[in-house]
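Participant: Provided below are the primary sequence and the corresponding predicted coordinates.
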Amino acid sequence: MSNGVGIARAYPNMALVKYWGKRDEAMMLPAAGSISMTFDTYATTTRVELDPTAQSDTVELNGQVAGGDAAARVVAFLDIVREMAGSQSRAHTVTVNEAPTAAGLASSASGFSALAVAASRAYGLDLDQAALSRLARRGSGSAARSVVDGMAIWHAGDTDVESFAEPIDAPDMRLVIVTVNAAQKAVSSREAMRRTAATSPFYGEWVTCTEETLERMVAACASGGVDEIGRIAETHALRMHAVIQSCDPPIRYLSPRSHEIFDAVAALRDAGTTAWATADAGPNVAVLTTPAEADAVAGALADLGTVRVVGPGHGARAIDEETARA
Ligand code: PMV
């Protein structure tokens, strides 16, 4: 069923086992699997409306007409959906990110998972969660995981069909997002992954260690505590930043302030608090902790950035016009 309109809402996710590197760039198959928590905060709301009379797609982002790479990625994604649906129709896509743009949290994961749900509905495709995850993956790898509620495991797979995310049980946890101001202009994750795979002497070891880490994290989520999950996550995050820093020309995403936050988190642990740090391809830091300790951790880190406690939230899903306006 479709009247040519699809509206969806999705949230970013933070990886506790990181995705960094592809085995197949055209199909967006990752070199290894990964695990993340989908947020309950920083929604992206996307509306796709078909226009059979239009000559080209239009893309609006936060009230402004988008061009360049951002629009090209949306059009390339819609081409995939059109091919699946056997349609030639162009579409108007309107996206609003709740996260402050300057905060660097308006992520491609919430964007492409919302677009996967909205566009597939607009084009009349009836996709289950695994199929939506595969589709979202084609826009941005990490978007495969934002289709899933709460904790998600993305199976690397050898083929398109095998590479999708699904839910995984884990203890109830919180992330304290510490947004660092003065975000530097970063190299895109797409370019940085390419460069890491092509030039880091440690890339092969990184892939092997990620496969091992994934197994340990699955076991820790099933039966371990937040401290065990956090220790695995922080170690793996620092290994990702190490392999990124080892490419040529070099790339560094962590700023001096990010390192200060990692130090402050280590001091919290020394004082008996459950707190473990992680960071994606940028200077912002997310601190994994328990629901009971989240406010205290946020308070302790408030001098180092803008803090916000996020919990496990909904995977990308269709919403109606009324909910979209609210
Ligand atoms: O999906 P992309 O291309 O934005 O890559 C995401 C890479 C990291 O955020 C650094 C790690 C991850 O697993 O999300």
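Facilitator: Thanks, I have the structure now.

Participant: alpha carbons only for contacts and neighbour counts from here, please
Facilitator: Noted.

Participant: need the contact list for the closest residue to the ligand within the stretch 151-300 of the chain.
Facilitator: Closest approach of the stretch 151-300 of the chain to the ligand (Cα to the nearest ligand atom) occurs at residue 280, with a separation of 4.0 Å. By Cα atoms under 8 Å, 6 or more residues apart in numbering, the contact set of residue 280 is 14, 15, 237.

Participant: Surely the last one and residue 17 touch.
Facilitator: It refers to residue 237. Yes. Using Cα atoms under 8 Å as the test, residue 237 is close enough to residue 17 to be in contact (7.5 Å).

Participant: Name the residues of the chain found near the ligand, please.
Facilitator: Proximity of the chain to the ligand is confined to 15, 18, 19, 20, 108, 140, 141, 142, 189, 190, 280, 281 under the rule Cα under 6 Å from any ligand atom.

Participant: Which of the residues you listed fall in helices?
Facilitator: 108, 189, 190 (DSSP state H).

Participant: May I ask which two of the residues of the chain next to the ligand are separated the most?
Facilitator: 15 and 190 (16.2 Å; Cα to Cα).

Participant: So for the two, which residue has more residues nearby?
Facilitator: More neighbours surround residue 15 than the other of residue 15 and residue 190, with 24 against 14 (other Cα atoms under 10 Å).

Participant: one step back: pLDDT score assigned to the residue of the stretch 151-300 of the chain closest to the ligand?
Facilitator: We have a pLDDT of 93 for residue 280.

Participant: Make 814 the first number, not 1, from now on.
Facilitator: Got it, first residue is 814 now, which makes that one residue 1093.

Participant: Direction included, what does the helix or strand harbouring residue 1090 pair up with?
Facilitator: In the assignment (DSSP states H and E), residue 1090 maps to strand 1089-1091. Using DSSP bridges, the strands paired with strand 1089-1091 in its sheet are strand 1098-1102 (antiparallel).

Participant: Now do the helices in the stretch 964-1113 of the chain.
Facilitator: 1002-1012, 1016-1036, 1039-1058, 1069-1083, 1107-1114 (DSSP state H, counting those that start in this stretch).

Participant: In JSON lines, list those along with distance to residue 865 and mean pLDDT.
Facilitator: Shown next, in JSON lines, are the helices of the stretch 964-1113 of the chain (distance: least, Cα to Cα, whole Å; pLDDT from 0 to 100):
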{"stretch": "helix 1002-1012", "distance to residue 865": "32", "mean pLDDT": "96"}
{"stretch": "helix 1016-1036", "distance to residue 865": "45", "mean pLDDT": "97"}
{"stretch": "helix 1039-1058", "distance to residue 865": "44", "mean pLDDT": "98"}
{"stretch": "helix 1069-1083", "distance to residue 865": "48", "mean pLDDT": "97"}
{"stretch": "helix 1107-1114", "distance to residue 865": "49", "mean pLDDT": "98"}
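
Participant: Many thanks, have a good one.
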